[in-house]
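J.: Structure here, sequence nowhere to be found:
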Ligand SMILES: NC(=O)c1ccc[n+]([C@@H]2O[C@H](COP(=O)([O-])OP(=O)(O)OC[C@H]3O[C@@H](n4cnc5c(N)ncnc54)[C@H](O)[C@@H]3O)[C@@H](O)[C@H]2O)c1
């Protein structure tokens, strides 16, 4: 079985490496030569737990290959499945930029010589797979190849960055959107090992339904987060403690404990983009997705919350203050800083005239590419040296139990603003810190 994966980012590289680890012959393609060169020289363009060893093992054993040449690989590689894992970012008008996807679709039609399955991993608006089928059929006709058969399958990715390998090996479910028995059989062959070893349930749907499942799942999770952030805000106003509210709510078996942690907002590419996409899909179909509009608005407000708490502490004027930021990635165990609350917070701090010092265990290199002028500290203590406050944005393990006495010694003012509610306020207040968190 030969797989070609177009797009060697978070989704493509993890998917490709995991299939190679199951014994499949995989070629990962990316049009970014730097990404491919890095991989060819043993580096990794992303940080993901366990991925480096997995890539090395499969490259060494000859099952995982990297190239920038999609066309030759497809034409000469006896490829059975082409995975489309390229990015689908929002355009200025908030609709989805499908240019990378369409590039792959046209090249798929040009390159295939035998029955091949195009597997859509990229998140695309509902109805896109249908359009893709028409485009491929029309391209094949124009190329005089209308006897070459193909299928388009929607196989949305539910990986969580930082846990992506585990999510591949033992996902809660695999969703497969197919419109023919032949496509269903092809996907059964592909996922048989996971289904067989780990009894992973497979949800089979039409392409359109599978596309909708992806958006509905992401939106539901984001809704829980924004809902809890709204409850946290009200807790602050009425004098309730959201941490205990969360426990009281999450122990209800109908609700469960996941994705109800209050914090300084969600980030990454997934939640913000999928929510906006689904709002847009509603609009295109003359339907207003009111809940999701509120989810998005609450999150936008929430990403300012650390800055606003800091402003309140200092009575408004922050000019000339030195502020430490612990954590840059949008969540722990990833170096992905896209749409991270840390970025919103740092933008606001700079705008207010603060000196900013940052520390993150793995995302500093990504950060430096954009903000070379901001001081990147050597460790958490260096970050708070001379600081008038520290803002905890990402709950990395390394930040969980700092030596608070040492922190207090080097800070100019003992102010801690905890954007993830990970610290014990009794402890911090007893040590003489001004401690603020979310929803208390
Ligand atoms: N990152 C996640 O957690 C996640 C989870 C589920 C779904 N998704 C979806 O999966 C898709 C990919 O996301 P990602 O985070 O892996 O993106 P990414 O930006 O990390 O990677 C995409 C890669 O595709 C490459 N690329 C773009 N156009 C190309 C082309 N024409 N030919 C070859 N390579 C090309 C880019 O250079 C880039 O390396 C998106 O649609 C995203 O919404 C992402």
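T.: Yes, it's here. As the structure is a computational prediction, the values presented were derived from the model and not from experiment.

J.: only C-alpha atoms for contact and neighbour calcs from this point on.
T.: Fine.

J.: domains of this protein?
T.: Listed by automatic domain parsing, the domain ranges of the chain are 2-205, 215-301, 303-436.

J.: Could I get the average pLDDT for the last one?
T.: Mean pLDDT, domain 303-436: 96.

J.: One more: the longest one?
T.: For domain 2-205, mean pLDDT rounds to 95.

J.: That one and the ligand in contact?
T.: Yes - against the ligand, domain 2-205 shows contacts by C-alpha under 6 Å from any ligand atom at 6-12, 29-32, 85-88, 100, 103-104, 121-123, 157-161.

J.: Which ones among those residues lie within strands?
T.: 6, 29 (DSSP state E).

J.: Buried ones only from the residues of domain 2-205 next to the ligand, please, as a ChimeraX command.
T.: Those of the residues of domain 2-205 next to the ligand that count as buried under 16 or more other C-alpha atoms under 10 Å are selected in ChimeraX with:
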select :6,7,8,9,10,11,12,29,30,85,86,87,88,100,104,121,122,123,157,158,159,160,161
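
J.: quick one, phi psi at the closest residue to residue 98 other than its chain neighbours?
T.: Excluding its sequence neighbours, the residue lying closest to residue 98 (C-alpha to C-alpha, 6 or more residues apart in numbering) is residue 88, at 5.8 Å. For residue 88, the backbone dihedrals are phi -130, psi 70 (criterion: degrees, to the nearest 10).

J.: tell me the contacts of residue 88?
T.: Taking C-alpha atoms under 8 Å, 6 or more residues apart in numbering, we find residue 88 in contact with 96-101, 122-124.

J.: go again using 10 Å as the cut-off
T.: Going by C-alpha atoms under 10 Å, 6 or more residues apart in numbering, residue 88 touches 95-101, 122-125, 269, 273.

J.: Among the residues you listed, which one has the most neighbours?
T.: Counting neighbours by other C-alpha atoms under 10 Å, residue 123 comes out on top of the contacts of residue 88 with 28 neighbours.

J.: And that residue, how far from residue 274?
T.: As judged by C-alpha to C-alpha, to the nearest Å, residue 123 and residue 274 stand 8 Å apart.

J.: got any residues that touch both of these two?
T.: In contact with both residue 123 and residue 274: 89, 96, 214-215, using C-alpha under 10 Å, 6+ apart.

J.: Looking at the residues you listed, which two lie furthest apart in space?
T.: Across these, no pair lies farther apart than 89 and 214, at 15.8 Å, counting by C-alpha to C-alpha.

J.: my guess is residue 187 contacts residue 119, does it?
T.: Yes - assessed by C-alpha atoms under 10 Å, residue 187 is found in contact with residue 119 at 9.1 Å.

J.: Comparing the two, which shows the higher neighbour count?
T.: It is residue 119, of residue 187 and residue 119, that has more neighbours when counted by other C-alpha under 10 Å, with 24 against 20.

J.: and that one, that's in a strand?
T.: Yes - counting by DSSP: H, G, I helix; E, B strand; the rest coil, residue 119 is found in a strand.

J.: which stretches of the chain form strands?
T.: Under DSSP E, the chain gives strands at 2-6, 25-29, 64-67, 81-84, 116-120, 150-154, 174-177, 202-205, 322-326, 355-359, 375-376, 389-392, 415-418, 434-436.

J.: Distance from the chain centre to the last one, please.
T.: Pointing back at strand 434-436 there. Relative to the chain's own centre, strand 434-436 is displaced by 30 Å; criterion: C-alpha atoms, centre = their mean, to the nearest Å.

J.: Give me every residue in the stretch 251-400 of the chain that's in contact range of the ligand.
T.: So far as C-alpha under 6 Å from any ligand atom goes, the stretch 251-400 of the chain lies against the ligand at residue 270.

J.: Would you map the helices across the stretch 251-400 of the chain?
T.: Along the stretch 251-400 of the chain, counting by DSSP state H, counting those that start in this stretch, helices occupy 270-284, 290-302, 305-313, 341-351, 364-370, 380-384.

J.: Deepest in the core, which of those is it.
T.: helix 380-384 (a mean of 23; mean count of other C-alpha atoms under 10 Å).

J.: Show me what that one packs onto, helices and strands only.
T.: Judged by 3 or more C-alpha pairs under 10 Å, 6 or more residues apart in numbering; DSSP states H and E, the packing partners of helix 380-384 are strand 322-326, strand 355-359, strand 375-376, strand 389-392, helix 404-410.
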